[in-house]
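> okay, predicted coordinates and the sequence, questions at the end:
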Amino acid sequence: MHRTRIKICGFTREADVDAACAAGADALGFNLYPKSPRGITPARARELARRLPPFVVPVLLFVNASADEVAAGLDAVPEAVLQFHGDETPAQCEAAARPYLRAVRMGAPGSGHEVDLLDCAARYASAQALLLDAFVDGFGGGGKVFDWSLIPRNVPAPVVLSGGLNPANVTDGVRLVRPWAVDVSSGVESSKGIKDALLMRRFCQAVRDADALVGDARAAEAAS
């Protein structure tokens, strides 16, 4: 049975890091975008990432950062996967020679912000995955759900579903989109940058429940 990976992003406190790992998160994101309410310094990211147990991956989020800023993040957390959430070109994403996720902001039809996801996947073919988020003004994620029907079934890259996910809707997200992974931040918070341990546990359990439903559906399809 496929196991949907779980990334929780936007950590600022040690207790929240520990609770996310205990809940079953596969990756934890540390936001190095200074304008974000969840933004932290590379030094703080180092302190938090040191708490991660084996096989839980740190992810560093950047928005239009300079090469020096990316290097400072990697100096602090050298084992991190990178996540680019701004206007970075493929060459800029590849410059650090590290695995990376490319965030794609999905605009609604007629909004003027539509995305050709197949073209995007071709341009960022070196990305480990495309992280799909709702288009909002500004950068860094807005905690809003986009229309999942905009995602083509034949995207030639792993998809990380993001944007407004929470314990109540992530089961449907996994069941309908069948992504490689899901990403959550505000949907498991009591306030910006402050995670709620119970919501994180519920979120992770909802993903596991969704995996079971998808497994049952696939078994039924194979038997028919």
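Looks like it came in fine.

> which helix runs longest in the chain?
Ranked by residue count, the top helix of the chain under DSSP state H comes out as helix 197-223.

> looking at it now, give me its mean pLDDT.
Helix 197-223 shows a mean pLDDT of 91 in the predicted model.

> before we move on, what about stretch 66-73?
98.

> show me the shaky parts of this structure.
Regions of the chain meeting the criterion pLDDT under 70 cover residues 1, 137-142.

> residue ranges of the helices in it, please?
Shown for the chain, the helices assigned by DSSP H span residues 14-23, 42-49, 67-76, 90-94, 117-123, 170-177, 197-223.

> distance from the chain centre to the third one, please.
Read that as helix 67-76. Relative to its chain's centre, helix 67-76 lies at 20 Å (CA atoms, centre = their mean, to the nearest Å).

> what's next to it, contact-wise?
Contact with helix 67-76 is made by 32, 42-43, 45-46, 49, 60, 62, 65, 80, 82, 92, 95-96, 98, as judged by CB atoms under 8 Å, 6 or more residues apart in numbering. (Glycine included, C-beta is placed from N, CA and C.)

> can you say which of these are buried?
Buried by 16 or more other CB atoms under 10 Å: 32, 42, 45-46, 49, 60, 62, 65, 80, 82, 92, 96, 98, out of these.

> beta-bridge partners for the residue nearest the centre of the chain, please?
The centre of the chain sits closest to Asp183, judged by CA atoms, centre = their mean, with a distance of 3.7 Å. Note on Asp183: beta-bridge partners Lys7, judged by DSSP bridges.

> give me the neighbour count for Ile194.
14 (other CB atoms under 10 Å).

> which residues touch it?
With CB under 8 Å, 6+ apart, Ile194 has these contacts: Thr12, Arg13, Asp16.

> narrow the residues you listed to those that are buried.
Looks like the contacts of Ile194 have Thr12, Asp16 buried, using 16+ other CB under 10 Å.

> one step back: off-centre distance for the longest helix of the chain?
Its chain's average C-alpha position is 18 Å from that of helix 197-223, according to CA atoms, centre = their mean.

> how close does the closest residue to Ala95 other than its chain neighbours get to Ala23?
Residue nearest to Ala95 in three dimensions, not counting chain neighbours: Ala67, with 6.0 Å by CB to CB, 6 or more residues apart in numbering. Ala67 sits 35 Å away from Ala23, taking CB to CB, to the nearest Å as the criterion.

> more neighbours, the two?
The neighbour count for Ala67 versus Ala23, taken as other CB under 10 Å, is higher for Ala23 (20 against 10).

> I'd assumed Ala197 was in contact with that one.
Yes: at 7.3 Å, Ala23 and Ala197 qualify as touching, with contact defined as CB atoms under 8 Å.

> on that earlier part again, if we take the contacts of helix 67-76, which one ends up nearest to Arg202?
Distance to Arg202, by CB to CB, is smallest for Ala49 among the contacts of helix 67-76, at 24.6 Å.

> distance of that closest one from Leu32?
12 Å.

> just Pro58 next, same as before
Separation of Pro58 from Leu32 (CB to CB) stands at 11 Å.
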